[in-house]
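Return atomic coordinates for the entry below.
(chains A, B, C and D)
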Number of protein chains: 4
Amino acid sequence: MRRVESRLRVRYAESDQMGVVYYANYFVWMEIGRVDYCSQLGFEYRDMEAADGIFLVVTDARCRYRRAARFHDPIRVVTWVSESRSRTIRFSYEIRHAEDDRLLATGETLHTVCDRDGKTVRLPEKYRPFFPLTSTA
Amino acid sequence: MRRVESRLRVRYAESDQMGVVYYANYFVWMEIGRVDYCSQLGFEYRDMEAADGIFLVVTDARCRYRRAARFHDPIRVVTWVSESRSRTIRFSYEIRHAEDDRLLATGETLHTVCDRDGKTVRLPEKYRPFFPLTSTA
Amino acid sequence: MRRVESRLRVRYAESDQMGVVYYANYFVWMEIGRVDYCSQLGFEYRDMEAADGIFLVVTDARCRYRRAARFHDPIRVVTWVSESRSRTIRFSYEIRHAEDDRLLATGETLHTVCDRDGKTVRLPEKYRPFFPLTSTA
Amino acid sequence: MRRVESRLRVRYAESDQMGVVYYANYFVWMEIGRVDYCSQLGFEYRDMEAADGIFLVVTDARCRYRRAARFHDPIRVVTWVSESRSRTIRFSYEIRHAEDDRLLATGETLHTVCDRDGKTVRLPEKYRPFFPLTSTA
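Model prediction:
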């Protein structure tokens, strides 16, 4: 299973009054991971939406928080596809401090493949090579 | 000039590690003020976009910060139209603590009336009564 | 189990280019639900942090998305405590369209009770009446 | 006047239903510009806050929007100090599309030097070399 890395630095805007990254922002980092996953595999998520009218709509999202990230921390997001079916794709993530490699959070997001009208569709064959079907036996 | 009031409570997500509201969030509150301004005058900003394809695109935004807002503070946003021309509208705002009425910030946003393609257009006559032309002499 | 309701209206800032609410923002709404839960039960979350140095640190957060929320939709968040132990509290949420009551999302967040230094502690007796221990048999 | 460049890529979370970057997010990018400005000149903004208790509190912020930024656009933020006095610092910014170099926005933020208690203070001598006083004659 291909694993793709993203790098980012924690923004001041992402901190909260507890002095750590506000919990919802980890899901923004997962989105960055997904977009980079597509780029590194060979297509742009932007184009899939704009040119082909295919949207990966989130239907389930989860994050387990282990250690707090703080302003200015360098972050590494590792993203991979943990499940791929005809109409759904599951991404998994590890979010780590980029210097000492300690695990900050893990997460998953489940997506349904939709067309412009929000109707569930099969992933077009054009994109299947990037998301080979996983056996679930 | 009609002045419209909005009420909100500061969200934890809006705080930053300085323990106060992150400065960009005041512009989100101004957006709430604009939307409420439309509602209270008798139309919905949502409908202007969706039904008539008219967008008030921001071309200039400014905020002067006087006192910090903090998590859970009750906030009052006062919104009015300070300038209205054929193709532009300027909103002005006062942001106050809703209990002791102290001024937290003032702001202005300038908007160009645009169609779906982003082209500048005259505000349709249908909406002119809500934005009477101001003299600029 | 006491259920508390929060009301909000979707902000323009919360929408994304798919024309629906960006998925991370549902977790901000859950935070609003938690804060209102505390208020309606008789104490302020703000005071628990500021006066008593007790923080409910999120260790797990999940959201299942059923139907998209859109700009200007009136939203109702229903919040309740689904599990309460000596050092952890689990909140559960239903997020509904406030007019037609259709379910938009469900979620849960698990929190560890921490002191100012981030150390896990027992929930002080003062707050226990608001979070009666749940049996887990 | 030293000019410092930051690079970023527009996040999906930063788009709104108009299909462009939500206007408040440009101020987040200016914050990234300021933080990078400090790093490239030789100190970390984080350390100025944490170690020396010096905060650059925003008192005025402005952005003029020229062209819309969109999801996945590569962005270049150019940051410089346009005014520096004993107790205030003004940063100026140009925000450009990183590929074709077209100007998307310009902005300024004015900051008051404050201590941990929010009291205005003179910028400590230690940091003065990074912010040489500008003549205002």
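
hmm, what's the outermost residue in chain A?
The outermost residue of chain A, judged by C-alpha distance from the chain's mean C-alpha position using C-alpha atoms, centre = their mean, is residue A:17 at 26.2 Å.

What's the separation between it and chain B?
When distances are taken as C-beta to the nearest C-beta, to the nearest Å, residue A:17 and chain B turn out to be 4 Å apart. Using the backbone N, CA and C atoms, a C-beta is placed for each residue, glycine as well.

contacting residues around that residue?
Contact analysis of residue A:17 by C-beta atoms under 8 Å, 6 or more residues apart in numbering or on different chains lists B:12, B:15-20, B:70-71.

Out of the residues you listed, which sit inside helices?
Judged by DSSP state H, the contacts of residue A:17 include no members of helices.

buried subset of these?
B:12, B:15-18, B:20, B:70-71 (16 or more other C-beta atoms under 10 Å in any protein chain shown).

Tabulate these (CSV), appending pLDDT.
Below are the buried ones among the contacts of residue A:17 laid out as CSV (pLDDT from 0 to 100):
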residue, pLDDT
B:12, 98
B:15, 98
B:16, 97
B:17, 97
B:18, 96
B:20, 97
B:70, 98
B:71, 98
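
thinking again about what came up before, could you find the closest non-adjacent residue to the residue farthest from the centre of chain A?
Spatial nearest neighbour of residue A:17, excluding adjacent residues (C-beta to C-beta, 6 or more residues apart in numbering or on different chains): residue B:15 at 3.8 Å.

Contacts only, for the one you found.
Neighbouring residues of residue B:15 by C-beta under 8 Å, 6+ apart: A:16-17, B:21-22, B:70-71.

let's see 7 Å
Listed by C-beta atoms under 7 Å, 6 or more residues apart in numbering or on different chains, the contact partners of residue B:15 are A:16-17, B:21, B:70-71.

how about the strands of chain A, start to end?
Counting by DSSP state E, the segments of chain A that form strands are A:4-9, A:55-65, A:74-84, A:88-97, A:103-114.

that older thread, pull the most distant pair out of the buried ones among the contacts of residue A:17.
Maximum pairwise distance in the buried ones among the contacts of residue A:17, criterion C-beta to C-beta, is 14.1 Å, between B:12 and B:18.

What is the neighbour count of residue A:2?
11 (other C-beta atoms under 10 Å in any protein chain shown).

show me the contacts for it.
Residue A:2 sits next to A:41, A:80 when contact means C-beta under 7 Å, 6+ apart.

can we see that at 10 Å?
By C-beta atoms under 10 Å, 6 or more residues apart in numbering or on different chains, the contact list for residue A:2 reads A:37, A:40-41, A:79-81, A:130, A:132.

same check, this time on residue A:61
When contacts are counted by C-beta under 10 Å, 6+ apart, residue A:61 touches A:26-27, A:30-31, A:91, A:107-111, C:23-24, C:26-27, C:61-65, C:105, C:107.

Let me know how buried residue A:65 is, in neighbour terms.
A count of neighbours around residue A:65, defined by other C-beta under 10 Å, yields 22.

Could you check how far it is from residue D:27?
Spatial separation of residue A:65 from residue D:27 under the definition C-beta to C-beta, to the nearest Å is 27 Å.

go on, residue A:126?
39 Å.

Comparing the two, which residue is more hemmed in?
Under the criterion of other C-beta under 10 Å, the comparison of residue A:126 against residue D:27 puts residue D:27 first, with 24 against 11.

I figured the more buried one hits residue B:24, correct?
Yes. Counting by C-beta atoms under 10 Å, residue D:27 touches residue B:24, with 3.9 Å between them.

shared neighbours, the two?
With contacts taken as C-beta under 10 Å, 6+ apart, residue D:27 and residue B:24 have A:13, B:63, D:58, D:61, D:63 as neighbours in common.

Buried subset of these as a ChimeraX selection?
Here is the ChimeraX command that selects the buried residues among the shared contacts of residue D:27 and residue B:24 (16+ other C-beta under 10 Å):
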select /A:13 /B:63 /D:58,61,63
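
Tabulate the shared contacts of residue D:27 and residue B:24 (TSV), appending pLDDT.
TSV is the format used below for those (pLDDT from 0 to 100):
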residue	pLDDT
A:13	98
B:63	98
D:58	98
D:61	98
D:63	98
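
Among the shared contacts of residue D:27 and residue B:24, which one sits closest to residue A:122?
Of all those, the one with the least separation from residue A:122 (C-beta to C-beta) is residue A:13, at 38.5 Å.

so who does that closest one touch?
By C-beta under 10 Å, 6+ apart, the residues touching residue A:13 are A:22, A:25, A:71, B:16, B:22-25, D:24-25, D:27-29, D:31-32.

near chain C too, which of these?
With the criterion set as C-beta under 10 Å from any C-beta of the partner chain, the members of the contacts of residue A:13 near chain C are A:22, A:25, B:24-25, D:24-25.

now check stretch A:43-59, is it near chain B?
No. With C-beta under 10 Å from any C-beta as the criterion, chain B is not reached by stretch A:43-59; the gap is at least 15.9 Å.

how far is that stretch from where the chain is centred?
Between the centre of stretch A:43-59 and the centre of its host chain there is 13 Å, according to C-alpha atoms, centre = their mean, to the nearest Å.

same question, stretch A:95-107
15 Å.

ok, now which ones touch the nearest residue to residue A:20 once chain neighbours are set aside?
When the adjacent residues along the chain are set aside, residue A:20 lies closest to residue A:68, with 3.8 Å between them (C-beta to C-beta, 6+ apart). By C-beta under 10 Å, 6+ apart, the contact set of residue A:68 is A:15, A:18-21, A:23, A:104-105, C:57, C:118.
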